[in-house]
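Visitor: From the sequence below, what's the structure:
(chains A and B)
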2 protein chains.
Amino acid sequence: MQKIIAVFFLLLAPHILKAQEPAKVLSSVFDEALTDRTEYNNLEYLCKHTKGRIAGSPAAEKAIEYTRQALISAGADTVWLQKVRVPHWVRGTEKCTVTSSVHGTKDLAITALGLSVGTNENELTSNVIEVHNFEELKTLGIQSIQGKIVFFNRPFDNKLINSFSAYGGAVNQRTTGPSEASEYGAIAVIVRSMTQSLDNFPHTGVTRYADSVNKIPAVAVSTLDAELLSQWLKTDPSLTLHLVSSCRNYPDTLSYNVIGEVYGSLKPHEYITVGGHLDAWDIAEGAIDDGGGCVQAIEMIRIYKKLGIKPKRTMRAVMFMNEEMTGTGGKTYAEEAKRKGEVHYAALESDRGVMSPRGFGFEADGPKLEKLQTLASWFAPYNIRDFDKGGGGSDIAPLKALGALQIGYIPDSQRYFWYHHSANDTFEQVNIRELQMGSAAIASLIYLIDLFDL
Amino acid sequence: MQKIIAVFFLLLAPHILKAQEPAKVLSSVFDEALTDRTEYNNLEYLCKHTKGRIAGSPAAEKAIEYTRQALISAGADTVWLQKVRVPHWVRGTEKCTVTSSVHGTKDLAITALGLSVGTNENELTSNVIEVHNFEELKTLGIQSIQGKIVFFNRPFDNKLINSFSAYGGAVNQRTTGPSEASEYGAIAVIVRSMTQSLDNFPHTGVTRYADSVNKIPAVAVSTLDAELLSQWLKTDPSLTLHLVSSCRNYPDTLSYNVIGEVYGSLKPHEYITVGGHLDAWDIAEGAIDDGGGCVQAIEMIRIYKKLGIKPKRTMRAVMFMNEEMTGTGGKTYAEEAKRKGEVHYAALESDRGVMSPRGFGFEADGPKLEKLQTLASWFAPYNIRDFDKGGGGSDIAPLKALGALQIGYIPDSQRYFWYHHSANDTFEQVNIRELQMGSAAIASLIYLIDLFDL
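Guide: Here you go, the predicted structure:
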């Protein structure tokens, strides 16, 4: 019996030790994250050598291989690729010129929306009708819209404190605006870029056509040029827009999620997933969205291995493919998990940028949420104080059905949309310490959730 | 009697109303700050048209006039200038070349330290001795140091979470390093730049010679060139540094603090000061340090006037002159206040950058601190959660003797030292929303402190 007890304690010993001193573990995690440049170098590679890695692109293939190698270098116990079907959309030439008998001629800074159809090598020429919401479309009706280019120009509501709320209040112009306008006979759509910034970067992003509608070309215009177009329209409503966008949708193709694991020491068949998405818009380096989230997941593996942290459950760093267009990476990951009967304990997504960490959001309520919120005290020395309801992310959402606690990593949101989906999303916009602080926070939170079985 | 009571309530009415609904006032303050670009435009002007506005310079004069006008435009009840004696230090040509028989020749990215003496048009040429602290100087002694150039190369401790703590742990190399090295017969000092960043921007900052020592030239070197110099020294300790720095100290001159007031409605002879410093290093646009702090103070005035907020006490926005060299702006302001017998209730300084607001630091203890910390609840909707002990700032410190509560505005610190005192401190590094969120927070906090007599 004594022997059994001894063996029992031997098995538990590392965990008991750690349970006594999680503060020390967290301190080591932060020290390691803040003094090592591997993660930052990984991000630089993704940005500078796999720029524009939209799903289905050669750059995405290169990013898959790079992060696979990075996970091996980080010391993952196993690294594997998971097949994912992805759309294959390719941007072409694009040009948008406004001509006005009153104001003159100007090229607008535009970018085709992801998955949008092009103008088939033709130049579309038409008048423009500015609207701010779908109600206005309805009021104007077919008689006013038919044959025209619809210009959605509802800005972000700057009064909203959380930038993601402001995004949420404007983004339907991009996601379903083209479909809505098509219902009224519009021949193309031009959408104000999804940002609070006033600058000349057009911001792309996916649009989704309803099955029922005629698919019409759709582009985003920079906010400054949206302001200009709106001004010109005020005094010359009959100005003309000339639009060329030769993007194309090809048949679906094959790509991969990249997955690295640290085996669990007590419950190896329970999984905790930490991930970001590997794909990035074709016009962006994808530093903020979401190379940063990917390298933070890899960094968790590196830190655990470097410090000898042995989690009870199996930890997975997942680089999801194709978050930006149809989310098949996240869906496939959850489908495969279900098919294999895997137990998914929790999942954390980092896809809100890599600015200074403010905290985490949990999709939980009542006593469960309260228990998670007690974790805040461990993070006080690191000035990470937000442990709130809400969070998660689109790639881990399909794991909800498997019972995985949904966790969102929440960095400061104020400047995120300056970069999001634009050529302004570059490596240089990331501050190494803000990135590292986030990685340390994520690795620490996951360590505590696993340790305390939260 | 009824009449007296009515008059009494009439006098108090606006305050009673506001006491009932400070949440609404805060909401209006944030709305106004987040939807107006005056402040951002003010900062752009300071950066682009009064760049390098070190005390005593023509650019500083221009900044004084611009902010005076900006305070008038903001609606201040009165705007005035307060005479301040300032040093007059002028950078000259500067060049530093390392020659090594092993490694070759390289120009290093350097910048003379503020108030340092130059090389009198000569080129100083000597061997270099690398040290990391003053203990090493002592150990090496005069016999090793005499006639050499001392190279201070202690980096920031990246394990420290708060960047200002890391700065605090390294900055004595710059402030007193030249004096210390001179004691051992060094002929010049080259100091690793005060930043965690690895880049090629040299960061200047003031050095202070002890009265007793021979003043020797002192320059900062970029962190990347500090790393290179250190590497070269490892294999070629006899390499030679050639230093030219023709900066000069001229006699003190006259400058000004710029002060704008909103008169108090109940206690006009009690003052609350909100300020930043108007001077900036000659090599910088001074956006982060501290144009941002200045325009935030002006913005408080603009918001109060625009929204019709009538504080009980007189609110002062102060652009302090000469924080960077000898702090005479802050000292003079307090001396004048004392001379006039002014009652100074509280003072807030914004000189830690204009990144996203985290909160405020208070120089208070016990029940006083606890009362101030209850203010946190008003800021929850704005995700501003840090209400901690410690704070203040060097320009308001002299007001402590007059009993003014010392408050420091605390934005996120992680990326501050990327810019601080370097040519990288430009307007483009400031995000308008982060700046605006800070201004709203400051205007709100001061409103509450005045309202609740905290």
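Visitor: okay, now the nearest residue to residue A:404 once chain neighbours are set aside: neighbour count?
Guide: In space, and not counting its chain neighbours, residue A:404 is closest to residue A:344: 3.9 Å by C-beta to C-beta, 6 or more residues apart in numbering or on different chains. All C-beta spots, glycine's among them, are computed from the backbone N, C-alpha and C. Residue A:344: 23 surrounding residues under other C-beta atoms under 10 Å in any protein chain shown.
Visitor: helices or strands up against the helix or strand that contains residue A:344?
Guide: Following DSSP states H and E, one finds residue A:344 within strand A:343-349. Where contact means 3 or more C-beta pairs under 8 Å, 6 or more residues apart in numbering or on different chains; DSSP states H and E, strand A:343-349 is packed against strand A:267-277, strand A:405-411, helix A:432-451.
Visitor: Quick one: mean pLDDT for stretch A:236-250?
Guide: The average pLDDT within stretch A:236-250 is 98.
Visitor: re the thing from before, after the strand holding residue A:344 comes which helix or strand?
Guide: Using DSSP H and E, the next helix or strand after strand A:343-349 towards the C-terminus is strand A:357-362.
Visitor: What is that next one packed up against?
Guide: strand A:386-389, strand A:405-411, helix A:432-451.
Visitor: Which parts of chain A are helices?
Guide: Using DSSP state H, the helices of chain A run over A:2-20, A:22-34, A:38-49, A:58-73, A:134-145, A:163-168, A:172-175, A:177-183, A:223-235, A:292-307, A:328-339, A:366-373, A:376-379, A:432-451.
Visitor: If I average pLDDT within each of these, which one is lowest?
Guide: Among those, helix A:2-20 carries the lowest mean pLDDT, at a mean of 48.
Visitor: and stretch A:151-163 with chain B, contact?
Guide: Yes. Applying C-beta under 8 Å from any C-beta of the partner chain, one finds stretch A:151-163 touching chain B at A:158, A:159, A:161, A:162, A:163.
Visitor: got the end-to-end distance for that stretch?
Guide: End-to-end distance for stretch A:151-163: 23 Å, by C-alpha to C-alpha, to the nearest Å.
Visitor: what's the answer for stretch A:210-218, then?
Guide: OK, stretch A:210-218 end separation, C-alpha to C-alpha: 14 Å.
Visitor: Pull the distance from that stretch to the chain's centre.
Guide: On the basis of C-alpha atoms, centre = their mean, to the nearest Å, stretch A:210-218 sits 25 Å off its chain's mean C-alpha point.
Visitor: quick one: contacts for the residue most central in space within chain A?
Guide: Centroid-nearest residue in chain A, with C-alpha atoms, centre = their mean: residue A:351, separated by 4.0 Å. Contact partners of residue A:351, counting by C-beta atoms under 8 Å, 6 or more residues apart in numbering or on different chains, are A:276, A:277, A:289, A:290, A:293, A:323, A:393, A:394, A:395.
Visitor: List phi and psi for it.
Guide: Backbone dihedrals for residue A:351, given as degrees, to the nearest 10, come out at phi -150, psi 40.
Visitor: measure it to residue A:395 for me?
Guide: 7 Å (C-beta to C-beta, to the nearest Å).
Visitor: Quick check: neighbours shared by these two?
Guide: With C-beta under 8 Å, 6+ apart as the test, residue A:351 and residue A:395 both reach A:276, A:277, A:323.
Visitor: Dump those residues into TSV; add pLDDT and distance to chain B as well.
Guide: Below are the shared contacts of residue A:351 and residue A:395 laid out as TSV (pLDDT from 0 to 100; distance: C-beta to the nearest C-beta, whole Å):
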residue	pLDDT	distance to chain B
A:276	98	20
A:277	98	24
A:323	98	25
